[in-house]
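Asks: make a model of this:
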Amino acid sequence: MPIREIEPRDIAVITRFETEISTISFGEEAITDPLFHTKKLEKAYRYERKGMLVLDVDGEVSGWMWITPRKNSVTKETYANFKSFYIAESCRGTAYVDELFEAGMNYCKSEEVTQIVGKVHVGNLPMRLLYKKYGFKPTHLTMELFPNASHD
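Replies: Numbering: from 1, shown residues only. From the prediction side, this is the model:
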């Protein structure tokens, strides 16, 4: 299977993935500074490496999934946040998408999580469909208003 834990040599490519994810998720408010994403990844690498999965196709980083297990402060149950999921254009629509997602789900099983949370921008239809395929259900919708902007 071409899925493995992140390695330091992957960070430059994954920085580009994180920048694109930010743009998809936050539009004009996206953080697109590569240095910001590189620092965030380098810090997380030290503490969260087990949940940082890389799709390696023929020696090339072609996908990325970042999962962080957490403990609910009230119930003490373990849950997981799906922080990032990205597939390089060359692999979109292939079996690699499911392989990477399923590797993430298996990681969650190994961590004995009781809930998995994945946030997705309402306009990111491909990710919404992938979540739906794996049985995720929408639970919250954030509504925003920018009073000084035109209302399209």
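Asks: Cys108 is in what secondary structure piece?
Replies: Assigned by DSSP states H and E, Cys108 belongs to helix 95-110.
Asks: ok, now how distant is the closest residue to Glu5 other than its chain neighbours from Gly118?
Replies: Nearest residue to Glu5 in three dimensions, chain neighbours excluded: Arg49, at 5.6 Å (CB to CB, 6 or more residues apart in numbering). The way it works is simple: take the backbone N, C-alpha and C, and place the C-beta from them, glycine included. Taking CB to CB, to the nearest Å as the measure, Arg49 falls 20 Å from Gly118.
Asks: more neighbours: the two, which one.
Replies: Under the neighbour definition other CB atoms under 10 Å, Arg49 and Gly118 were set side by side, and Gly118 has more, 18 against 12.
Asks: quick check: bridge partners of that one?
Replies: Taking DSSP bridges as the rule, Gly118 bridges to Phe82.
Asks: count of residues packed around the nearest residue to Pro2 once chain neighbours are set aside?
Replies: Spatial nearest neighbour of Pro2, excluding adjacent residues (CB to CB, 6+ apart): Asp56 at 4.8 Å. Look at Asp56: counted by other CB under 10 Å, it has 16 neighbours.
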